[in-house]
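In: Turn this into a model:
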Amino acid sequence: MSRVVVGAALVRDGRVLAARRTRPASAAGRWELPGGAVEPGEDEATALARELREELALHDVGVGERVGPEVPLPGERVLRIRVCAAAGEPTALEHDALAWLGPEELDGIDWLDADRAVLPALGALLRPPGPSSAPS
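Out: Sure, this is the predicted structure:
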């Protein structure tokens, strides 16, 4: 059975929060959606709330639906991204920079490969629905 790693698509005002890694050396300077491993006894929502508290000092985290595909990771792990909301401003406790990105800015930074796999779905989530294309 695969071990689950959860990532937060923390969405606010049509933008998503990206966090720049400081470690390990192979990932330093690259961007990710914040999150981490689901620990034994936790469900995905509990793990995300814990990770956002530990990494960003965020409380009152609401965890919603999954977005994008399940992404295979090394070591028999999988990454699942969930839409999240939280009150307050995030503080980078484990990263060296944070950025709120709109859908047109997602391709402009150096994402970790696993997170890059969910960018099309994330961009679609952030874009407001267009006018109906149904004939009138």
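
In: Could you use CA atoms for every contact and neighbour count after this?
Out: OK.

In: so who does Glu55 touch?
Out: 34-35, 91-95 (Cα atoms under 8 Å, 6 or more residues apart in numbering).

In: one more time with 7 Å, if that's ok
Out: By Cα atoms under 7 Å, 6 or more residues apart in numbering, the residues touching Glu55 are 92-94.

In: Which ones among those lie within helices?
Out: Nothing among the contacts of Glu55 maps onto helices, per DSSP state H.

In: now, among those, which is nearest to Val5?
Out: Distance to Val5, by Cα to Cα, is smallest for Glu94 among the contacts of Glu55, at 16.8 Å.

In: how close does the closest one sit to Leu56?
Out: Applying Cα to Cα, to the nearest Å, the value for Glu94 to Leu56 is 8 Å.

In: partners of the biggest strand by length in the chain in the sheet?
Out: In the chain, with assignment by DSSP state E, the single longest strand is strand 59-73. If you go by DSSP bridges, strand 59-73 pairs up with strand 77-87 (antiparallel).

In: what does stretch 4-16 rub up against?
Out: 17, 33-38, 44, 48, 77-85, 100-102, 126.

In: any chance you could map the helices in this structure?
Out: Going by DSSP H, the chain shows helices at 44-56, 113-116, 119-126.

In: Out of those helices, the one nearest Val67 is which?
Out: With Cα to Cα as the measure, helix 119-126 is the member of the helices of the chain nearest Val67 (6.4 Å).

In: just checking, what packs against the closest one?
Out: Under the contact criterion of 3 or more Cα pairs under 7 Å, 6 or more residues apart in numbering; DSSP states H and E, helix 119-126 touches strand 59-73.

In: now the strand it packs on against helix 119-126, angle please.
Out: 150 degrees (axes from the mean of the first three to the mean of the last three Cα atoms, to 10 degrees).

In: got the buried residues for strand 59-73?
Out: When neighbours are counted by 16 or more other Cα atoms under 10 Å, the buried residues of strand 59-73 are found to be 59, 61, 63, 66-68, 70-71.

In: Repeat that for stretch 74-86.
Out: 78-86.

In: Pull up the per-residue confidence for Ala117.
Out: In this prediction, Ala117 carries a pLDDT score of 95.
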